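Student: Predicted structure and sequence below. I'll ask about it afterward.
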Amino acid sequence: MEEETRPLILILCTGNSCRSHMAEGVLQEVAGDILNVQSAGSDPAGFVHPLAILTLAEIGIDISSHTSKHMNEFLSGNVETVITVCDNANQACPTFPGQAYRHHWPFPDPAKAEGAEEEIRKVFEQVRDDIRRVFTEYGLSRKNSTRKLLS
């Protein structure tokens, strides 16, 4: 499907540096052929966290070219589904033009993990695995429903 015709799925968190990029990468991998997946933040950090990039690379997903964006960049677009992955973004989230669906699936912020480097990496890996499970299931369900519509 062409990007313009694929439904736009916008994944939001506060900083748009970890969770939303992990979710974007996973969902893009699973259903990017039928969905236009983007992520943004209500208060973007201005960078993608290096450990988010590293932990996704460990499962074969490259998000190294992602950039941190503000959710307002999408206010003039046609966003079909908004998925918030943190409570702050859920509270700050406006309604987007064309928005038909909204989901709130919160995950802990791995950027706030404390401890030794190995402990922090384990937090990133756990959040990545949780995001991967939820967004893979969502992406596969969207693909299955699209196949049913097309047949």
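Tutor: Looks like it arrived, so ask away. Here the structure is a predicted model, which is why all the values come from computation and not from measurement.
Student: got the residue ranges for the strands in the protein?
Tutor: Along the chain, counting by DSSP state E, strands occupy 8-13, 36-41, 79-84, 101-104.
Student: By mean pLDDT, flag the weakest helix or strand of this structure.
Tutor: helix 87-92 (a mean of 84; mean pLDDT, DSSP states H and E).
Student: For that one, list every residue counted as buried.
Tutor: Asn88, Ala89, Asn90 (16 or more other Cβ atoms under 10 Å). Any C-beta I mention is one placed from the backbone N, CA and C, and that applies to glycine too.
Student: ok, now which ones touch the closest residue in space to the first one that isn't next to it in sequence?
Tutor: If I follow you right, that is Asn88. Nearest residue to Asn88, sequence neighbours excluded (Cβ to Cβ, 6 or more residues apart in numbering): Thr14, at 4.4 Å. Applying Cβ atoms under 8 Å, 6 or more residues apart in numbering to Thr14 gives the contacts Gly41, Ser42, Asp43, Cys86, Asn88, Ala89, Ala92.
Student: Now tabulate those in a markdown table and tack on distance to Pro50.
Tutor: Below are these laid out as a markdown table (distance: Cβ to Cβ, whole Å):
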| residue | distance to Pro50 |
| --- | --- |
| Gly41 | 17 |
| Ser42 | 22 |
| Asp43 | 20 |
| Cys86 | 19 |
| Asn88 | 22 |
| Ala89 | 21 |
| Ala92 | 25 |
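Student: quick one: which two of those are the most distant?
Tutor: Asp43 and Cys86 (10.9 Å; Cβ to Cβ).
Student: which stretches of the protein have low pLDDT?
Tutor: Within the chain, the stretches with pLDDT under 70 are 1-3, 147-151.
Student: that older thread, what lies in contact with the least confident helix or strand of the chain?
Tutor: Contacts for helix 87-92 (Cβ under 8 Å, 6+ apart): Leu12, Cys13, Thr14, Ser20, Gly41, Ser42, Asp43, Met71, Thr84, His104, Pro106.
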